[in-house]
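The sequence isn't on hand, but the structure is:
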């Protein structure tokens, strides 16, 4: 029989974790009286079984939403991941569709169509100038490009954009 500290060291865990295992009913304990009170004693065979169980790898499938969570039948312990990617296929298809829609938006608008607008959004400024989003936002933050937040997006006056380009 091993004491609490020896049992925890044998299993490679803290004494508090060992106590949680006892409270959860995953490990049994026997108490004996001693000169200093009760001592918790653990059966070495039961500790061996628990140690073996801890060494078996547990595979926890990732989940983004309830419709995407794979079941444990999708995964076997030999390392094959059968239907695990099937739920993600829908997510990937939606992502590709969203990216294509965004690219179609950029392709539909030409710089000549934007010439008459007084206020421009960041994607429109990108189309006109060919500058990256990061560069434009950094320029707005260091106040070299004037912009206003209207709603949730930056709006840039066309004349402020022309002034910014002239100063580059």
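That came through, no problem. The structure presented is a predicted model; accordingly, all values stated were derived computationally and were not measured.

any idea how far residue 133 is from the residue in the chain sticking out farthest from the centre?
Ranking residues of the chain by C-alpha distance from their mean position (C-alpha atoms, centre = their mean) puts residue 35 at the top, at 52.4 Å. Distance of residue 35 to residue 133, given as C-beta to C-beta, to the nearest Å: 73 Å. Where C-beta positions appear, they are placed from N, C-alpha and C, glycine not excepted.

now do residue 141
13 Å.

got it, and residue 98?
17 Å.

residue boundaries of the strands in this structure?
Listed in chain order, the strands of the chain (DSSP state E) span 2-3, 30-34, 37-42, 119-120, 148-150, 153-157.

List the contacts of the longest one.
Contact partners of strand 37-42, identified using C-beta atoms under 8 Å, 6 or more residues apart in numbering, comprise 1-4, 7, 22, 27-33.

cool, and the first one?
Judged by C-beta under 8 Å, 6+ apart, the contacts made with strand 2-3 from elsewhere in the structure are 10, 39, 40, 41, 42, 44, 47.

same thing with the second one?
Residues from elsewhere that reach strand 30-34, judged by C-beta under 8 Å, 6+ apart: 1, 38, 39, 40, 41, 42, 43.
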